[in-house]
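# prediction below, plus the sequence it came from.
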Amino acid sequence: MRVLVTGGAGFLGSHLCDRLIEQGQDVICLDNYFTGSKKNVEHLASNPRFELIRHDVTEPILLEVDRIYNLACPASPVHYQYNPVKTIKTSILGAVNMLGLAKRVRARILQASTSEVYGDPSVHPQVEEYWGNVNPIGIRSCYDEGKRVAETLFMDYHRQNKVDIRIVRIFNTYGPRMHPNDGRVVSNFIVQALQGKDITVYGDGQQTRSFCFVSDLVEAILRTMEQNEYTLPINIGNPGEFTILELAEKIIKLTSSKSKIIKEPLPADDPKQRKPDISKAKKFLNWEPSVNLEEGLKKTIEYFLSSPYGFDSV
Ligand code: NAD
Ligand code: UDP
């Protein structure tokens, strides 16, 4: 199959490209390198089944493909708030352009949506039927509302134009190839711990997140694309729920770091709790995560210690 991965040079996209190449697919990786890097896919460059295109999804493109994984969009709050207008354009125009392409070449298309569509949730754990609690005018809105509109576009192209869609709502995912300056909590804490710097916990650290290791996530995305039973959004994440303080303590222990935990102000609209209900993923994908937090953190710490791109460039 000919497969297009937008955002393919990013953290999740590059792991997805690896798996698709392993499966023997022809892969086109499309990226504008805003937060991704050629380095994430350079090991694939010599493979004749792999092609890299510099392109911005806010512009249309015509490619003959059978599958489209639409991952292009900065995912870290620090990155998506850097140019919020560009972020929302990437989600919305990117979805329009990729759905238009899917419609034209009759490709199946999967959208990388997010747990952020639930905002600061009042239903816990989050089920797909929950409509969410999102501030439409806050500093996270460019990302959250952009992703919500993208879901709307996917559903409307499906109902109106019979485009063959899949939607995954991804919960916090971590692992090797996260950028050391990414700004997300796992990479921040690991880099701080390895450098002996203070660990910056925002707020009182009692807010919770559920962390999924990247290999589990990629497996679920591939399964979602290739199953034929369910086209509505599916939560993908690890239901293990941890406070941010617990995460900090775990990382200090695993790195044997002397770093101290310090408290910094909580950013606006920071969700207080987050944990996926993954019944649908279990039922329709026969999937559940297999890597627990401690195991996944060890692998991620190894990456930051061993990768010149990862740790030394901080
Ligand atoms: P990332 O920032 O590492 O990757 C995003 C990629 O998209 C980068 O390579 C970037 O250069 C590219 N990109 C950004 N804007 C683009 C544009 N306009 N045109 C072309 N390429 C563009 O982030 P990630 O963690 O790999 O996230 C990938 C996708 O998964 C995103 O859509 C994100 O919203 C979604 N997601 C990720 C998580 C997570 O925890 N990692 C959680 C929920 C959703
Ligand atoms: N966070 C933190 N210190 C950091 C980075 C993040 O305490 O150095 C907190 C952040 O406020 C949030 C949680 O960790 O409560 C997860 O943040 P992240 O940016 O990784 O993802 P998101 O908020 O989008 O889930």
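Yep, that arrived. Ligands and ions are numbered 1, 2, ... in the order given.
# could you use CA atoms for every contact and neighbour count after this?
Will do.
# can you tell me how far the residue lying farthest from the centre of the chain sits from Leu153?
Centroid-distance maximum for the chain: Lys258 at 30.5 Å, with C-alpha atoms, centre = their mean. In this view, Lys258 and Leu153 are 49 Å apart by C-alpha to C-alpha, to the nearest Å.
# quick check: mean pLDDT of stretch 163-174?
In this model, stretch 163-174 has an average pLDDT of 98.
# is it anywhere near ligand 1?
Yes - counting by C-alpha under 6 Å from any ligand atom, ligand 1 has neighbours in stretch 163-174: 170-173.
# same check, this time on stretch 114-133
Yes - Stretch 114-133 lies within reach of ligand 1 by C-alpha under 6 Å from any ligand atom, at Thr114.
# show me what that stretch is in contact with.
Outside stretch 114-133, the residues that touch it by C-alpha atoms under 8 Å, 6 or more residues apart in numbering are 134-135, 143-145, 147-148, 168-172, 233-235, 269-278.
# kindly supply the ChimeraX command isolating those of those that are buried.
Buried members of the contacts of stretch 114-133, defined by 16 or more other C-alpha atoms under 10 Å, are picked up in ChimeraX with:
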select :134,143,144,145,147,148,168,169,170,171,172,233,234,235,271,273,274,275,276,277,278
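# in helices, which of the contacts of stretch 114-133 fall?
Using DSSP state H, the subset of the contacts of stretch 114-133 located in helices is 143-145, 147-148.
# okay if I get these as JSON lines plus distance to ligand 2?
Formatted as JSON lines, those follow (distance: C-alpha to the nearest ligand atom, whole Å):
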{"residue": "Tyr143", "distance to ligand 2": "10"}
{"residue": "Asp144", "distance to ligand 2": "10"}
{"residue": "Glu145", "distance to ligand 2": "13"}
{"residue": "Lys147", "distance to ligand 2": "13"}
{"residue": "Arg148", "distance to ligand 2": "15"}
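# which positions in the stretch 101-250 of the chain make contact with ligand 2?
Residues of the stretch 101-250 of the chain lying near ligand 2 (C-alpha under 6 Å from any ligand atom): 172, 183-185, 188, 200-202, 207, 244.
# how many other residues sit next to the nearest residue to Tyr80 once chain neighbours are set aside?
Spatially, and ignoring its direct neighbours in sequence, Tyr80 is nearest to Pro74 (5.3 Å; C-alpha to C-alpha, 6 or more residues apart in numbering). Around Pro74 there are 23 other residues, counting by other C-alpha atoms under 10 Å.
# quick check: the closest residue to Glu145 other than its chain neighbours vs Gly94, distance?
Closest residue to Glu145 apart from its sequence neighbours, by C-alpha to C-alpha, 6+ apart: Pro136 at 6.7 Å. Distance, Pro136 to Gly94, by C-alpha to C-alpha: 20 Å.
# ok, now Phe171?
As judged by C-alpha to C-alpha, Phe171 and Gly94 stand 21 Å apart.
# repeat for Asp164
Distance of Asp164 to Gly94, computed by C-alpha to C-alpha: 17 Å.
# repeat for Ser259
Taken as C-alpha to C-alpha, the span from Ser259 to Gly94 is 41 Å.
# which one's more surrounded, those two?
Gly94 (24 against 18).
# Phe154 touches Lys162, doesn't it?
No - under the criterion of C-alpha atoms under 8 Å, Phe154 makes no contact with Lys162, lying 10.2 Å away.
# so for the two, which sits in the more crowded spot?
Ranked by neighbour count (other C-alpha under 10 Å), Phe154 and Lys162 place Phe154 first, with 25 against 12.
# need the helices for this protein, in chain order.
11-22, 77-80, 84-105, 141-161, 185-194, 214-226, 244-255, 279-285, 293-306.
# burial of Asn286, as a residue count?
Asn286 has 11 neighbouring residues, counting by other C-alpha under 10 Å.
# turn the helices of the chain into a markdown table, including distance to Glu51.
What follows is the helices of the chain, written out as a markdown table (distance: least, C-alpha to C-alpha, whole Å):
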| stretch | distance to Glu51 |
| --- | --- |
| helix 11-22 | 10 |
| helix 77-80 | 26 |
| helix 84-105 | 18 |
| helix 141-161 | 26 |
| helix 185-194 | 29 |
| helix 214-226 | 19 |
| helix 244-255 | 37 |
| helix 279-285 | 29 |
| helix 293-306 | 25 |
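# out of these, which gets nearest to Ile68?
Among the helices of the chain, helix 84-105 comes nearest to Ile68, with 7.3 Å by C-alpha to C-alpha.
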